[in-house]
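A.B. asks: Structure of the sequence below:
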Amino acid sequence: MSHYLRVPFRSLCLTVGLPVSLAALPAAIQAGPTTPSRALSPVEAPAPVVPGGDETIALIAGLIGIERDLLLGQLFLQDGLVSAEGSHFTHPRHDNFPAIKDGLAKAGAPDLEPLLIALEQATERDAVNEAYKGVLSGLQQAKTALQPTEQDVMGAIIQTVEAAAGILDPSGTTEVIAYQEAWGLLMVARSQLDVLASSSDPAIKSAASSMALAFDDVILFAPDPNAKAPVSFDPALVTQLLGTLTGQAASI
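C.D. replies: This next block holds a predicted model:
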């Protein structure tokens, strides 16, 4: 079981003056810096956009992937850590964004690229925080432009968890950077359920609440993402979570 104390991400956001947009996160990480090699996760790999609800699901999942890198970048900023390329803030424009750029534009969403570039180029902490808030605002506007149904959001959550499961090494020991990215996907996917749990649709609300509990059972056993060596974590826990989420979504 993880030994870190879990606290609401709201507390972390308020500490640095950032908007609250993600779910509960670990408290300040205690281990030293890591500089593992970059691994491209399935959710980041460019894929053809398909029409209809599947297209919206793919776009929402891509936005979740960007939010994951923002989450990891902010944690690295808080602890003075860097990735192999200098910052997770440099990842979104090169990984997730190219695959969803055209779909977002077609939906009338604002162009995220200038916001992502501003975040990449920011150096002082205050400038980074301002650019970070700008990207979060852009992500929210993009989600609004997509007008996803609650079922679309659930589908994106499931797709994200599937991507996280694919990142984890089947042997049960995953390289640090890959584990961090899988962990980040799970945390951001979990945060999406907080809104769904307030749905006016009783079926959606019930399913989202059950999904959240299933997520929390997995996150409780997830090791500290700020590891120095390959992380021991059974991917079967995420595979089982995926089955639970799929079953709940199918019951609506």
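A.B. asks: contacts and neighbour counts: CA atoms only from here.
C.D. replies: Noted.
A.B. asks: so how far is A131 from A197?
C.D. replies: 30 Å (Cα to Cα, to the nearest Å).
A.B. asks: before we move on, what about G73?
C.D. replies: The gap separating G73 from A131 is 12 Å, by Cα to Cα.
A.B. asks: With S198 instead?
C.D. replies: With Cα to Cα as the criterion, S198 and A131 are 30 Å apart.
A.B. asks: So, low pLDDT: which residues of the stretch 51-200 of the chain?
C.D. replies: Low-confidence segments of the stretch 51-200 of the chain (pLDDT under 70): 51-52, 79-87.
A.B. asks: quick one: the strands in it?
C.D. replies: Ranges of strands in the stretch 51-200 of the chain, per DSSP state E, counting those that start in this stretch, are 173-174.
A.B. asks: For the stretch 151-252 of the chain, which segments count as helices?
C.D. replies: 176-196, 202-219, 236-250 (DSSP state H, counting those that start in this stretch).
A.B. asks: CA atoms of stretch 140-159 as PDB?
C.D. replies: What follows is stretch 140-159 as a C-alpha-only set of coordinates in PDB (Å, rounded to 0.1, in the frame of the first residue of the first chain):
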ATOM      1  CA  GLN A 140     -12.400  23.900 -20.300                       C
ATOM      2  CA  GLN A 141     -13.500  25.900 -23.300                       C
ATOM      3  CA  ALA A 142     -12.600  23.100 -25.600                       C
ATOM      4  CA  LYS A 143     -14.700  20.700 -23.600                       C
ATOM      5  CA  THR A 144     -17.600  23.100 -23.700                       C
ATOM      6  CA  ALA A 145     -17.300  23.400 -27.500                       C
ATOM      7  CA  LEU A 146     -17.400  19.600 -27.900                       C
ATOM      8  CA  GLN A 147     -20.700  19.500 -26.000                       C
ATOM      9  CA  PRO A 148     -20.100  15.900 -24.800                       C
ATOM     10  CA  THR A 149     -22.900  13.900 -23.400                       C
ATOM     11  CA  GLU A 150     -22.400  12.300 -20.000                       C
ATOM     12  CA  GLN A 151     -22.100   9.000 -21.800                       C
ATOM     13  CA  ASP A 152     -19.300  10.500 -23.900                       C
ATOM     14  CA  VAL A 153     -17.400  11.500 -20.800                       C
ATOM     15  CA  MET A 154     -17.800   8.000 -19.400                       C
ATOM     16  CA  GLY A 155     -16.500   6.600 -22.600                       C
ATOM     17  CA  ALA A 156     -13.500   8.900 -22.500                       C
ATOM     18  CA  ILE A 157     -12.800   7.800 -18.900                       C
ATOM     19  CA  ILE A 158     -12.900   4.200 -19.900                       C
ATOM     20  CA  GLN A 159     -10.600   4.800 -22.900                       C
END
